[in-house]
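Q: mind folding the following:
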Amino acid sequence: MDRQPPRRTTTRRTTPCRTTIHRPTAQDPAAPVVRRPRRAVAGVLVAAAVGAAALAGCSSDSTASSAVSSAAAAVQSGVAGAASAAASAVNSAAGGLSSAVNSAVASAAGGLSSAAASAEAAASSAIAGVKGGLDAKGDVAAGAVTPASDGKVEVPLTVSNHEQQSNRYVIQVNFTDESGNVLDATAVTVPDVAAGQSVQATARSNRDLSGTVKAVVANAVRY
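A: Presented below is the predicted three-dimensional model:
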């Protein structure tokens, strides 16, 4: 068999046909007028937003009312709490002041009571220090208490010696209030009262006393 030479295949390249599309521009006077629906779209969006807001408002009426009520309750609670705190502070301050005043009064009263007790003890010691003294309380009479010029008080004493011989006297006088509480005390020494004679003496308080003050002859001895 005869061999035939191979066939050559020729490939043709084809150039695609380009179609030029005329796009109208704003500068082209022949271009058709194109109106874009911006305003319509905006109107639709606004209407939708208003509708949504209205729906939201309608649906949240109860929530808003509840929120307002809660806020009002919170304000009222806050005001009530502040008023309560203020009242508590005032009561606390008043209680502290009252306590301080009561404490000061009690302290002052305690100091006065202690001073009176000390004075009474000193006067009693003066009586007890008399050796061989005889009870002579019946020989002494106290007058009315009068204020002295220096704020203290004094009381006149009348000492009558009913014995047949002269005697000396030591007299304890207690100054008391209307209830009988001892405010002060003093010891008065009366020397040489002749037999059958009476003398005047004066008992004077150790410190300033005010108000109604009475004088009581608590004890007296002669020797």
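Q: grab the longest strand from the chain for me.
A: Identified as the longest strand of the chain according to DSSP state E is strand 182-193.
Q: could you pull out the buried residues of that one?
A: Buried residues in strand 182-193, counted by 16 or more other CB atoms under 10 Å: 182, 183, 184, 185, 186, 187, 188, 190, 193. For the C-beta atoms, the positions are set from N, CA and C on the backbone; glycine is no exception.
Q: likewise for stretch 151-167?
A: Using 16+ other CB under 10 Å as the test for burial, stretch 151-167 gives 153, 154, 155, 157, 159, 161, 167.
Q: first vs last residue of it, how far apart are they?
A: End-to-end distance for stretch 151-167, by CA to CA, to the nearest Å: 33 Å.
Q: ok, and what's touching it?
A: Applying CB atoms under 8 Å, 6 or more residues apart in numbering, the external contacts of stretch 151-167 come out as 136, 139-148, 169, 171, 173, 175, 188, 190, 192-209, 213, 215, 217, 222-223.
Q: again, but for stretch 180-189
A: For stretch 180-189, contacts defined as CB under 8 Å, 6+ apart pick out 112, 115-117, 119-120, 122-124, 126-127, 157, 168-177, 201-207, 209, 213, 218.
Q: does residue 121 sit in a helix, a strand or a coil?
A: helix (DSSP: H, G, I helix; E, B strand; the rest coil).
Q: wait, residue 132 sits on residue 223?
A: Yes. Using CB atoms under 8 Å, residue 132 is in contact with residue 223, at 5.8 Å.
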